[in-house]
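> Here is a sequence together with a model predicted from it:
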Amino acid sequence: MSVAIKPRKLRGPRTEGFALDLHTTGSTFLGYNAYGHPEFDTSRSPIGELLFRLKNRGDRTAIEPIVEAVAGFFATWKPKVDVIVPVVPSNAMRKNQPVIEIARPVSERLKIPLCLSCISKVKSTVQLKDVFDPAKRSQILSGAFSVDRVNTAGKRILIFDDLYRSGATASAIARLLSGLGDASAVYLLTLTQTRRNL
């Protein structure tokens, strides 16, 4: 069964970019739990729910329908791409990296090579979801990544990510690929986008 998506165009320093859908569609405050933490009843888009199941529940059965949705959208979008470059995971301690787990079968399905070494993280950074100031985000990301120019020069690259919040990381990587990486085109495809991009 195919997953319904509502693609959303993303702006930024790249040739073109899309999110397949919003991550959440609504959230209702329920109150506070026994530890004083707020609790919410959150509704998600179909692909947002699949991503939530994979990332938060370890449900690997969510991977195949996500890959199907990516392949279906790619067939209508039709960007000319030579290589897929997943965004470097923000939580290096996570045993299974959802972005990589999805990018591998996407690469196989689309018959486009996957390059895990094209972008490397060279300095440790805090998770940006807790940083709200755009200038502070840029400062944190400055010099955080290196590019393997041998594998990116002259290539048309698809940056692949799971969740688009502010777009700061994807933009930093896009600039690096276009600049030092000498890529001929840089596209972005992310599975979901937050409703409010801080």
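Structure's in. What do you need?
> End to end on stretch 6-22, go ahead and measure it.
As for stretch 6-22, its first-to-last residue distance stands at 8 Å under the measure C-alpha to C-alpha, to the nearest Å.
> Now do the same contact list for the residue positioned nearest the centre of the chain.
With distances taken as C-alpha atoms, centre = their mean, the residue of the chain nearest its centroid is residue 161 (1.7 Å). Contact analysis of residue 161 by C-beta atoms under 8 Å, 6 or more residues apart in numbering lists 86, 87, 99, 169, 170, 188, 189, 190, 191. Using the backbone N, CA and C atoms, a C-beta is placed for each residue, glycine as well.
> cool, residue 100 as well?
Listed by C-beta under 8 Å, 6+ apart, the contact set of residue 100 reads 86, 89, 116.
> Narrow the contacts of residue 161 to those in strands?
Within these, membership in strands is found for 86, 188, 189, 190, 191, as judged by DSSP state E.
> which among those residues gets closest to residue 48?
residue 191 (8.0 Å; C-beta to C-beta).
> In contact with the residue lying closest to that closest one once chain neighbours are set aside: list those residues for me.
Beyond its immediate neighbours in the sequence, the residue positioned closest to residue 191 (C-beta to C-beta, 6 or more residues apart in numbering) is residue 162, lying 4.9 Å away. Residue 162 makes contact with 51, 55, 98, 99, 102, 190, 191, 192 under the criterion C-beta under 8 Å, 6+ apart.
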